[in-house]
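K.L.:
turn this into a structure:
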Amino acid sequence: MKNIRSFTKPGLAFALAALLLLAGCASNSPAPVSDRGGQPMSTSPTPAAPKDTYTVKSGDTVYSIAREHKMDFRELIAMNNIESPDRITPGKVLKIKPPADQSSSVASTAPVSTDVVVSRPIGNDPVIEKRPLGANTDALKREPKAGKEAYSDQALAQAQNPGQPKPAVVPASAAATEVKPEPKPAEAAPASEDLAWIWPAGGKVITQFSEGGNKGIDIAGKMGDQVVAVGDGRVTNANNALRGYGYLIVIKHSGNFITVYAHNSKLLVKDGQTVTKGQKIAEMGNTDADQVKLHFEVRQQGKPVDPLQYLPKR
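P.N.:
As a prediction, this is how the structure comes out:
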């Protein structure tokens, strides 16, 4: 009996040590993470929200969203088929351009020749215009922050004819050997009394024309005063694409004359529309100006001239 007891105690001690060793090994194995259904759950991070969309917040406008994401507002309108740019609903998800560092590193060489439909506000009414995809780089806004083309005579000329390409730069060697065609005789411009224009607004002239300075005259008035066409013609521009001019109207008249009406608060005509002398075309305002006024220019064959030479005496 004594031998049996002495043999049993070491056997129990050995068995207990083996169990402790197995328990220690088992505790080192990682336990799988599972949900309530018993399936392993993924521990990978939640994917970030896509960077090519934007959710409209209260107070946002098409123009502020485009400026924030360094886009042309016309491009934002086209990407999202926005029919009324001045009415966008908070909560609406818009497509935007991703940041530059998120763009694909592989450039496509396939030519793009599709057309897009652009909706532009004219006054309170949207106007639908069909424009080639690459046509918004010359006469429209380029700089996302400033938002408009810097003023120059070339920029205004390009704005008057948005479909006309810019003249190509000819190397000096090619220009020397090129045979230039005979210039056509200039069309005789009508005299000021033949134009029979009227004043575009009824206020007082507060800034005179000066060569190399003010390219027209400024006429004072009150917000909402009517602005009328000085003569018959056709609207070639009605937008706010030229920096420093605000809401702008350009009318082409006979005899290579154009008239410019700037800083309006509301435009009542659209591109391509025919207008008659005395027709109300806009309401006076202070867009891109320090006060309410109408900036009025007359250009003959593209050159600024003193409007007072062509307006009746007061």
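
K.L.:
can you map out the helices along this structure?
P.N.:
Listed in chain order, the helices of the chain (DSSP state H) span 2-27, 62-68, 73-80, 153-160, 172-177, 192-195.

K.L.:
could you tell me the least trusted of these?
P.N.:
Set side by side, those give their lowest mean pLDDT on helix 172-177, at a mean of 49.

K.L.:
show me this structure divided up by domain.
P.N.:
By the assignment in automatic domain parsing, the chain contains the domains 49-100+114-137, 192-309.

K.L.:
bridging residues for T53?
P.N.:
K95 (DSSP bridges).

K.L.:
right, I mislabeled it, should have said I217
P.N.:
With DSSP bridges as the rule, I217 is bridged to F296.

K.L.:
so how far is V305 from it?
P.N.:
I217 is 11 Å from V305, where distance means Cβ to Cβ, to the nearest Å. Backbone N, C-alpha and C define where each C-beta goes, glycine included.

K.L.:
shared neighbours of these two, anything?
P.N.:
Residues touching both I217 and V305 (Cβ atoms under 8 Å, 6 or more residues apart in numbering) are F209.

K.L.:
neighbour-wise, which of the two wins?
P.N.:
I217 (22 against 18; other Cβ atoms under 10 Å).

K.L.:
and that one, what does it touch?
P.N.:
For I217, the contacting residues are V205, T207, Q208, F209, H295, F296, D306, P307, L308, by Cβ under 8 Å, 6+ apart.

K.L.:
so which of those belong to strands?
P.N.:
V205, T207, H295, F296 (DSSP state E).

K.L.:
nearest to L156, of the domains of the chain?
P.N.:
Nearest to L156, of all these, is domain 192-309, at 6.5 Å by Cβ to Cβ.

K.L.:
what about S84, how many neighbours?
P.N.:
S84, neighbours per other Cβ under 10 Å, totals 13.

K.L.:
and it, what's its pLDDT?
P.N.:
77.

K.L.:
need the pLDDT of the closest residue to H295 other than its chain neighbours.
P.N.:
For H295, ignoring the flanking residues on the chain, the nearest one in space by Cβ to Cβ, 6 or more residues apart in numbering is A262 at 4.0 Å. Note for A262: predicted pLDDT of 97.

K.L.:
not counting sequence-adjacent ones, nearest residue to R314?
P.N.:
Nearest to R314 is W199, by Cβ to Cβ, 6+ apart, at 7.6 Å.

K.L.:
so who does the one you found touch?
P.N.:
Counted by Cβ under 8 Å, 6+ apart, W199 has contacts I219, V230, L311, P312, R314.

K.L.:
tell me how far the closest residue to V305 other than its chain neighbours lies from I77.
P.N.:
Computed as Cβ to Cβ, 6+ apart, the closest residue to V305 that is not its neighbour in sequence is V298, at 5.4 Å. Separation of V298 from I77 (Cβ to Cβ): 33 Å.

K.L.:
now swap in V205 and tell me
P.N.:
Distance from V205 to I77, by Cβ to Cβ: 38 Å.

K.L.:
the more surrounded of these two?
P.N.:
Applying other Cβ under 10 Å to V205 and I77 shows that I77 carries more neighbours, namely 25 against 17.

K.L.:
is it true that that one touches V62?
P.N.:
Yes: with contact defined as Cβ atoms under 8 Å, I77 reaches V62; the gap is 6.3 Å.

K.L.:
common neighbours of these two, please.
P.N.:
Overlap of the contact sets of I77 and V62 (by Cβ under 8 Å, 6+ apart) consists of P85.

K.L.:
sorry, back to before: could you dump the contacts of I217 to CSV with pLDDT and distance to G278?
P.N.:
Shown next, in CSV, are the contacts of I217 (pLDDT from 0 to 100; distance: Cβ to Cβ, whole Å):
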residue, pLDDT, distance to G278
V205, 96, 19
T207, 95, 24
Q208, 95, 24
F209, 96, 23
H295, 97, 20
F296, 97, 15
D306, 96, 22
P307, 96, 17
L308, 96, 19
